[in-house]
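Colleague: from the sequence below, what's the structure:
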Amino acid sequence: MTALLTIFSTPKPFTNSHVAMIQNNAIASWIRLGQDVDALLIGEEEGVAEAVKKHGIRLIRDVTRNTNGTPLVKSIFQAARTNCTSPLLAYVNADIILTPGFIEATRQVVKQVDKFLMIGRRWDLDISHPLNFTKDWTSQVDALVSENARLHPSGGSDYFVFSRDCFTNMPDLMIGRAGWDNWMIYQARRQGWMVVDATLTYKVVHQQHDYSHLPGGKPHYRHPESDENVRLAGGRHAIYTLVDATHQLTNGRLVKMPLTWNRFWREIEIFPNTYLKAEWLSRFNYSLFHPVKTYWSVRVWLNRKRRELMR
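Modeller: Numbers count the residues shown, from 1 in each chain. Next up is the predicted model:
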């Protein structure tokens, strides 16, 4: 039986006990979503092979990396697409717990549109122990979320559900660094695919963690490779977030996002980029809407050029 949806992910190394615990929680939740869902892990970080064996899922080892050893997003996506037959794919960060409502939300979307990207805000939750996946495990998770979770701002995305023939051509973006998730939304808008915000329908649970797995223990958005990701993704004016979704999933129906003043002006800002694909006009619009950010970006650029000339 062909699955409707294949979940794939590139976990962090399982060397940190807390990271290992939350990733095992996440994977255990995925494989309990029913027969319509397949799951696989991609990469060869330490402990991944053992996790695959523990949960009885597939492992794809081969993935293209940059010179620093960071896996490339396009290689991960291609590996997933090549090794599954499902009509839908979902990249999910390896610290995200999913409950059966996730597949139900996906079914509701795919019944109404062919090419789409489904995303949503996450609920941040501190979990310090392995979850007990008994018959009522979803009730356990719901209770933890209701009592202790916090809704994350719209700046980050932790899951992406999409038609398998979408995102077949990607720049050399690096996984685990800022910018690549924004590019997903940016690319979907430019291609005219429906971008669906499922926040109102389904709660995605993010297990909180530190950044000890990254160089220097710094958050991913402070890593130099994040700056390169932003450049490859099109620049600061191409940073799209959940606020740029075109529709929301409400009571099983896809409805256009409400037109507020903030959304009106945001659509004016991104119009040259989204619809005209005019690079110079996009940059000009960005400078008008974000003069302070533009000022500091220009200063950084001038300082870098000055240092290069002085060498």
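
Colleague: which of the residues in the helix ranked longest in the chain are buried?
Modeller: What stands out as the longest helix in the chain, according to DSSP state H, is helix 291-310. Buried residues in helix 291-310, defined by neighbour count with 16 or more other CB atoms under 10 Å: Thr294. Heads up, the C-betas are built off the backbone N, CA and C, glycines and all.

Colleague: do stretch 118-135 as well
Modeller: Within stretch 118-135, judged by 16+ other CB under 10 Å, the buried ones are Met118, Ile119, Gly120, Arg121, Arg122, Trp123, Leu125, Ile127, Leu131.

Colleague: turn these into a markdown table, columns for distance to Gly176, pLDDT and secondary structure.
Modeller: As requested, those are arranged in a markdown table below (distance: CB to CB, whole Å; pLDDT from 0 to 100; DSSP: H, G, I helix; E, B strand; the rest coil):
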| residue | distance to Gly176 | pLDDT | secondary structure |
| --- | --- | --- | --- |
| Met118 | 21 | 98 | strand |
| Ile119 | 18 | 97 | strand |
| Gly120 | 20 | 96 | coil |
| Arg121 | 20 | 95 | coil |
| Arg122 | 16 | 95 | strand |
| Trp123 | 21 | 95 | strand |
| Leu125 | 21 | 95 | strand |
| Ile127 | 20 | 93 | coil |
| Leu131 | 24 | 93 | coil |
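
Colleague: possible to save the residues you listed as CSV with distance to Pro171?
Modeller: Written out in CSV, the entries for those read as follows (distance: CB to CB, whole Å):
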residue, distance to Pro171
Met118, 22
Ile119, 19
Gly120, 24
Arg121, 25
Arg122, 25
Trp123, 30
Leu125, 33
Ile127, 34
Leu131, 37
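
Colleague: from those, pick the one nearest Asn148.
Modeller: Within those, the smallest distance to Asn148 is 6.0 Å, found for Leu125 (CB to CB).

Colleague: ok, the closest one - contacts?
Modeller: Leu144, Val145, Asn148, Ala149, Arg150, Val205, His206, Gln207, Gln208 (CB atoms under 8 Å, 6 or more residues apart in numbering).

Colleague: report the residue ranges of every domain in this protein.
Modeller: Annotated domains of the chain cover 5-247, 259-310 [automatic domain parsing].

Colleague: so which of those is the most surrounded?
Modeller: Mean neighbour counts were taken over those using mean count of other CB atoms under 10 Å, and the top value, a mean of 18, falls to domain 5-247.

Colleague: can you give me the end-to-end span of that domain?
Modeller: Across domain 5-247, the straight-line distance between its terminal residues is 21 Å, by CA to CA, to the nearest Å.

Colleague: please apply the same query to stretch 89-104.
Modeller: Across stretch 89-104, first to last residue, CA to CA, it's 15 Å.

Colleague: pLDDT of it, averaged?
Modeller: If you average the pLDDT over stretch 89-104, you get 96.

Colleague: try stretch 66-82
Modeller: Averaged over stretch 66-82, pLDDT sits at 94.

Colleague: just the helices in the stretch 151-300 of the chain please.
Modeller: 180-191, 224-232, 261-271, 279-289, 291-310 (DSSP state H, counting those that start in this stretch).

Colleague: redo those as TSV? Include distance to Asp244 and mean pLDDT.
Modeller: Written out in TSV, the entries for the helices of the stretch 151-300 of the chain read as follows (distance: least, CB to CB, whole Å; pLDDT from 0 to 100):
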stretch	distance to Asp244	mean pLDDT
helix 180-191	6	96
helix 224-232	16	88
helix 261-271	7	96
helix 279-289	13	93
helix 291-310	17	83
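
Colleague: got CSV for these, with distance to Asn93 too?
Modeller: Formatted as CSV, the entries for the helices of the stretch 151-300 of the chain read as follows, by distance: least, CB to CB, whole Å:
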stretch, distance to Asn93
helix 180-191, 9
helix 224-232, 16
helix 261-271, 25
helix 279-289, 28
helix 291-310, 27
